[in-house]
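S.K.: Sharing a sequence plus its predicted fold:
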Amino acid sequence: MTSRKTVLVLGGSSDIGRAAARAFAKAGYDVGLAGRDVAALEPDAADLRARYSIEASTWRFDVLDTGSFDGFVAGLPVLPDVVVSIVGLLGVQQNAESDLAHATTIMRSNYEGPSLILGLFAEKFLGRGNGTIVGVSSVAGDRGRASNYVYGSAKAGFSAFLSGLRARASRGGVHVVTVKPGFVRTKMTEGMKLIGPLTVDAPVVGDAILGAVEKKTDVVYVSGKWRLVMLIIKTLPEAVFKKLKF
């Protein structure tokens with residue numbers, strides 16, 4: 001047991017999860033990595049220990065197994081100072097339009113699971129009187145688009161959940177951050193046509209998450225350009241918006 005602050009990264013095997021873990025470890029936090037495949041997390045934990053001389057642990061966590069959430073939180077030896085949820089699934093929009101199982105998995109992975117686990121941690125943090133919760137949402141949730149409305153609608157719900165939780169939790173000393181990365185070069189976006197000026201690398205997102213926690217920022221567009229882009233998109237009249245092909 002150390003006196004260092006602790007962070008738990010849900011979705012620790014993702015590119016953004018790894019980047020966030022490194023950013024916090026570099027800042028002196030002990031790190032917990034949680035994901036479905038613990039064996040895949042262990043090399044990253046070992047690297048963090050060696051590289052930053054901090055404690056790093058691994059935990060099995062499945063965002064779709066909501067029945068395990070209470071036991072997962074209760075099984076942690078220490079309630080972390082910060083919890084970051086980076087879990088999610090982009091899925092395939094065309095498949096989700098006709099495959100209800102696929103659409104359900106996208107919605108549960110991006111909204112139901114992350115919201116429920118962060119809500120559970122919020123209750124623990126409120127009981128303690130402090131803590132920080134970070135939810136990685138998406139600019140896709142700012143307005144539903146024909147090309148990804150199943151994913152986007154789930155992220156919209158997640159953003160709304162975080163907004164309401166932030167308003168409530170702030171009265172009890174708990175800070176809630178919403179992070180909207182935009183396009184990120186990761187395994188999840190391989191093969192996608194990304195817009196260069198609006199695309200960032202995973203370490204940029206990791207640093208933005210740490211910065212938001214330390215500065216107590218409420219909502220972060222990782223690239224400031226996205227804030228302007230989405231402001232324009234959100235103000236377009238519906239008659240115009242529905243004719244756009246993106």
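M.R.: On my side now, so go ahead. In this text, all values refer to a predicted model and were calculated from it rather than measured experimentally. Residues are numbered from 1 along each chain as shown.
S.K.: Below-threshold pLDDT in this structure: ranges please.
M.R.: Low-confidence segments of the chain (pLDDT under 70): 1-2, 182-200, 226-227, 246.
S.K.: where exactly do the helices run in it?
M.R.: Along the chain, the segments classed as helices by DSSP state H run 15-26, 38-52, 69-74, 93-96, 100-107, 113-128, 149-169, 202-215, 224-235, 238-241.
S.K.: Of all these, which one comes closest to Ile86?
M.R.: Closest of these to Ile86 is helix 15-26, at 4.5 Å (criterion: CB to CB). The C-beta positions use only the backbone N, C-alpha and C, and glycine is treated the same way.
S.K.: Could you check the angle that closest one makes with helix 38-52?
M.R.: 30 degrees (axes from the mean of the first three to the mean of the last three CA atoms, to 10 degrees).
S.K.: What angle do helix 202-215 and helix 15-26 make with each other?
M.R.: 50 degrees.
S.K.: ok, and for helix 15-26, which residues are buried?
M.R.: Judged by neighbour count (16 or more other CB atoms under 10 Å), helix 15-26 contains these buried residues: Asp15, Ile16, Gly17, Arg18, Ala19, Ala20, Ala21, Arg22, Ala23, Phe24, Ala25.
S.K.: helices or strands next to it in the packing?
M.R.: strand 6-10, strand 30-35, helix 38-52, strand 82-85, helix 202-215 (3 or more CB pairs under 8 Å, 6 or more residues apart in numbering; DSSP states H and E).
S.K.: Turn these into CSV, columns for distance to Ala96 and mean neighbour count.
M.R.: Converted to CSV, those look like this (distance: least, CB to CB, whole Å; neighbours: other CB atoms under 10 Å):
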stretch, distance to Ala96, mean neighbour count
strand 6-10, 23, 27
strand 30-35, 23, 26
helix 38-52, 26, 16
strand 82-85, 21, 27
helix 202-215, 25, 20
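S.K.: Pipe those into TSV and attach distance to Tyr221 per row.
M.R.: Listed next are these as TSV, based on distance: least, CB to CB, whole Å:
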stretch	distance to Tyr221
strand 6-10	21
strand 30-35	25
helix 38-52	27
strand 82-85	17
helix 202-215	9
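S.K.: quick one on the thing from earlier: save the helices of the chain as CSV, and put in distance to Phe61 too.
M.R.: CSV is the format used below for the helices of the chain (distance: least, CB to CB, whole Å):
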stretch, distance to Phe61
helix 15-26, 11
helix 38-52, 9
helix 69-74, 6
helix 93-96, 24
helix 100-107, 16
helix 113-128, 8
helix 149-169, 17
helix 202-215, 18
helix 224-235, 29
helix 238-241, 37
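S.K.: that older thread, out of the helices and strands packed on helix 15-26, which gets nearest to Ala156?
M.R.: For Ala156, the closest of the helices and strands packed on helix 15-26 is strand 82-85, at 15.9 Å, according to CB to CB.
S.K.: The closest one packs against which elements?
M.R.: Contacting strand 82-85 under the criterion 3+ CB pairs under 8 Å, 6+ apart are the following elements: strand 6-10, helix 15-26, helix 113-128, strand 131-136.
S.K.: Looking at the helices of the chain, which is nearest to Ser137?
M.R.: helix 149-169 (4.5 Å).
S.K.: what packs against the closest one?
M.R.: Using 3+ CB pairs under 8 Å, 6+ apart: helix 149-169 touches helix 93-96, helix 100-107, helix 113-128, strand 131-136, strand 174-180.
S.K.: Pairing partners for the last one, with directions?
M.R.: Partner strands for strand 174-180, per DSSP bridges, with pairing direction: strand 131-136 (parallel), strand 219-221 (parallel).
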